[in-house]
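Asks: structure for the following, please:
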Amino acid sequence: MPVSAQEALRITTVLEQELDRRQKEITLWNDFYKGEHNLGFASDRFRQAFGGLFERFADNWCEVVCDAPAERLTPVGFRFGTGDEKDPPAADKDAQRIWQTSSMDAWSRVAHTEASVKSRSFVLVWAADPDADEVEPEITVEDATQCIVAYEPGSRRRRKAALKRWDGDDGYQYATLYLRDELWKWRRPVSRSGLVLPSSLALSRWQARGDEPDQQRIDNPLKRVPMVELLNRPRLTDDPTPEHRQVIPIQGALNKLIADMLTASEAGAFPARWGTGIDLPKDPLTGQEIDDPELWRLAVNKMLRASNPAARFGNFEAADLSNFVAGITLLTEHISALSRTPPTYFMGKVQNVSADGLTVADAALASKCRDKTLFLGEDWEEVVRLAFLVKGDERRGNNPLAETIWRDVEYRTEAQHIDAVLKKKALGVPWRQLMEDAGYTPTQIDRMERMLEQDAERAARALAFKTPDDGLDPGLDGTDVPLDGLQPAGAGA
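Replies: Below is the predicted model:
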């Protein structure tokens with residue numbers, strides 16, 4: 001049901017306030033992912049020893065924790081069920097074309113990474129060119145700092161409204177409010193520093209984006225809010241959380257230990273020398289001993305000597321840094337356990353680990369990724385349904401039996417993968433399903449199927465040319481004819 005401009009502005013204000021509330025946490029999570037940690041863990045002695053040398057130092061494991069599941073979540077196609085058991089659904093070719101036209105093979109990875117880092121990401125579906133003769137959908141990935149989706153009271157699935165807000169390069173800040181029946185477009189001036197100009201009612205200073213009234217409000221032919229929210233680790237009543245939320249405190253402790261180790265290495269990692277019973281030279285004018293550091297600066301072509309026979313020289317032992325290494329290793333193991341990231345992701349090299357051992361170590365991450373495909377699959381199915389609604393395809397746009405096809409989330413050797421496929425074949429699993437299990441995309445499977453058909457046709461033609469060992473080809477009348485022209489069997493003399 002359409003709303004008035006005043007009501008649209010009120011909804012925009014409410015959504016914007018909630019979007020502003022999220023900014024601080026999202027910025028913190030994103031900074032830790034990028035390794036931009038503050039130096040709160042550094043002591044004064046560390047600063048005195050190194051100054052600004054390690055100003056941007058961070059032994060950053062947050063990036064590894066966030067990227068580990070995101071890199072395994074790869075949608076490869078979509079199916080739309082018919083409800084007919086005699087007609088099993090195949091991968092939808094139109095959905096695949098829409099997906100690839102919007103470059104979602106690549107951008108879906110970005111959407112998963114953003115959700116892993118910022119707890120949520122967004123996908124917007126709209127017409128690429130609304131004025132074209134044949135309208136084509138465009139799917140874009142949107143950032144959590146710019147977008148927000150509101151749901152119907154008591155519902156976690158029915159979207160009521162969505163807002164996208166961004167800064168332009170022309171001195172204005174822009175916003176678009178997405179409702180089921182319409183879109184509202186706003187803009188407002190910003191200062192040179194990027195802040196909204198001061199006003200007693202700053203949030204109400206949105207104005208119509210264009211000069212004409214029809215440029216402010218646009219009908220929504222989809223009758224659905226065209227923005228979908230992808231949640232990371234969704235909860236019933238709590239907000240979603242990023243993958244590295246529990247890791248952030250440990251990351252700070254780990255940086256603290258490394259800073260302490262660097263400080264200790266600067267102070268005592270090299271053996272200090274000592275000497276006793278040494279007569280220092282004296283200044284002939286003042287009679288004061290000359291304590292010149294150059295006298296004690298050793299080199300390959302220099303040696304120490306003393307006239308006093310009681311003089312002694314020696315070294316202090318270098319500082320033992322192994323205790324720091326043990327603490328750093330312990331914290332890294334905690335990060336691995338809390339985030340369910342395999343230890344192999346934290347090692348520079350892997351030695352003496354069997355294939356079965358690697359599989360066991362990978363099981364926790366694989367299980368976590370399978371859980372993610374359940375929730376993210378529902379979101380991507382809604383995205384594809386919206387894309388078909390843009391094209392005017394009501395049948396697939398409202399089909400509740402959509403299914404996302406995912407690439408296998410487990411890492412296996414090629415031998416393990418093929419062995420599993422062969423065992424499934426022995427159980428009678430159909431060929432196309434075997435190819436999906438082998439990791440091939442629907443496009444690759446279709447291509448292989450056509451190639452198999454071509455191979456079968458070539459084999460049939462070869463059989464048609466096959467002749468007896470005497471080099472003669474039986475004609476239609478039963479007589480043998482020479483194969484001078486290599487005519488197909490049955491072509492006659």
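
Asks: every contact and neighbour count from this point should use C-alpha atoms.
Replies: OK.

Asks: check which helix or strand residue 252 maps to.
Replies: If you go by DSSP states H and E, residue 252 is part of helix 247-268.

Asks: same for that helix, what does it pack against?
Replies: Under the contact criterion of 3 or more C-alpha pairs under 8 Å, 6 or more residues apart in numbering; DSSP states H and E, the helices and strands touching helix 247-268 comprise helix 44-50, helix 62-70, helix 322-339.

Asks: which residue sits closest to residue 22 in space, ignoring its chain neighbours?
Replies: residue 145 (7.7 Å; C-alpha to C-alpha, 6 or more residues apart in numbering).

Asks: quick one: that neighbour is in a helix?
Replies: No: with DSSP: H, G, I helix; E, B strand; the rest coil as the criterion, residue 145 is located in coil rather than a helix.

Asks: thought it was touching residue 18?
Replies: No: judged on C-alpha atoms under 8 Å, residue 145 makes no contact with residue 18 at a distance of 10.9 Å.

Asks: counting neighbours, go ahead and name the busier of these two.
Replies: With neighbours defined as other C-alpha atoms under 10 Å, residue 145 and residue 18 compare such that residue 145 has more, 19 against 12.

Asks: and this protein, what are its domains?
Replies: When the chain is parsed into structural domains using automatic domain parsing, the resulting residue ranges are 5-247, 412-465.

Asks: as TSV, those with distance to residue 325 would be great.
Replies: Shown next, in TSV, are the domains of the chain (distance: least, C-alpha to C-alpha, whole Å):
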stretch	distance to residue 325
domain 5-247	13
domain 412-465	32
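
Asks: show me where the protein dips below the pLDDT cut-off.
Replies: Scanning the chain for pLDDT under 70 picks out 38-57, 82-88, 191-204, 210-215, 266-274, 291-305, 315-319, 348-353, 355, 466-493.

Asks: tell me the secondary structure of residue 375, please.
Replies: Quick answer, by three-state DSSP: residue 375 is helix.

Asks: identify the residues contacting it.
Replies: The contact partners of residue 375, by C-alpha atoms under 8 Å, 6 or more residues apart in numbering, come to residue 231.

Asks: ok, now how distant is the most centrally placed residue in the chain from residue 69?
Replies: In the chain, the C-alpha closest to the average C-alpha coordinate belongs to residue 113, at a distance of 2.5 Å (C-alpha atoms, centre = their mean). In this structure, residue 113 and residue 69 are 8 Å apart, going by C-alpha to C-alpha, to the nearest Å.

Asks: in this protein, which spans are helices?
Replies: Defined through DSSP state H, the helices belonging to the chain, from first to last, are 5-34, 44-50, 62-70, 93-101, 104-118, 247-268, 322-339, 355-390, 394-397, 414-426, 431-437, 442-464.

Asks: quick one, which of these is nearest to residue 157?
Replies: helix 355-390 (9.7 Å; C-alpha to C-alpha).

Asks: buried set for the closest one?
Replies: Of the residues in helix 355-390, those buried by neighbour count under the rule 16 or more other C-alpha atoms under 10 Å are 358, 361-363, 365-366, 368-370, 372-373, 376-377, 379-390.

Asks: just want the angle from that helix to helix 62-70.
Replies: Computed by axes from the mean of the first three to the mean of the last three C-alpha atoms, to 10 degrees, the angle separating helix 355-390 from helix 62-70 equals 70 degrees.

Asks: centre of the chain versus helix 355-390, how much separation?
Replies: For helix 355-390, the separation from the chain centroid amounts to 12 Å (computed by C-alpha atoms, centre = their mean, to the nearest Å).

Asks: angle of that helix against helix 93-101?
Replies: Angular relation of helix 355-390 and helix 93-101 on a 0 to 180 degree scale: 100 degrees, by the same axes, to 10 degrees.

Asks: got the angle for helix 355-390 vs helix 322-339?
Replies: Orientation note: helix 355-390 sits at an angle of 50 degrees relative to helix 322-339 (the same axes, to 10 degrees).

Asks: quick one: contacts for residue 206?
Replies: Counting by C-alpha under 8 Å, 6+ apart, residue 206 touches 9, 186-188.

Asks: so which of those is the closest to residue 233?
Replies: Checking the contacts of residue 206 against residue 233 with C-alpha to C-alpha, the nearest one is residue 9 at 31.8 Å.

Asks: residues near the closest one, how many?
Replies: Using other C-alpha under 10 Å, residue 9 has 21 neighbouring residues.

Asks: can you check residue 311 too?
Replies: Residues contacting residue 311 under the criterion other C-alpha under 10 Å number 13.

Asks: and for the residue nearest to it when sequence neighbours are not counted, the neighbour number?
Replies: For residue 311, the nearest residue in space outside its immediate sequence neighbours is residue 277; the separation is 4.1 Å by C-alpha to C-alpha, 6+ apart. Other residues within reach of residue 277, judged by other C-alpha under 10 Å, total 13.

Asks: just residue 423 next, same as before
Replies: Residue 423 has 12 neighbouring residues, counting by other C-alpha under 10 Å.

Asks: contacting residues around the closest residue to residue 398 other than its chain neighbours?
Replies: Beyond its immediate neighbours in the sequence, the residue positioned closest to residue 398 (C-alpha to C-alpha, 6+ apart) is residue 385, lying 6.6 Å away. Shown in contact with residue 385 (C-alpha under 8 Å, 6+ apart): 396-399.

Asks: JSON lines please, covering those and showing distance to residue 322 and neighbour count.
Replies: Listed next are the contacts of residue 385 as JSON lines, based on distance: C-alpha to C-alpha, whole Å; neighbours: other C-alpha atoms under 10 Å:
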{"residue": "396", "distance to residue 322": "62", "neighbour count": "21"}
{"residue": "397", "distance to residue 322": "61", "neighbour count": "22"}
{"residue": "398", "distance to residue 322": "62", "neighbour count": "14"}
{"residue": "399", "distance to residue 322": "61", "neighbour count": "14"}
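
Asks: now, which of these sits nearest residue 140?
Replies: Each of those was scored against residue 140 by C-alpha to C-alpha, and residue 397 proved nearest at 18.0 Å.
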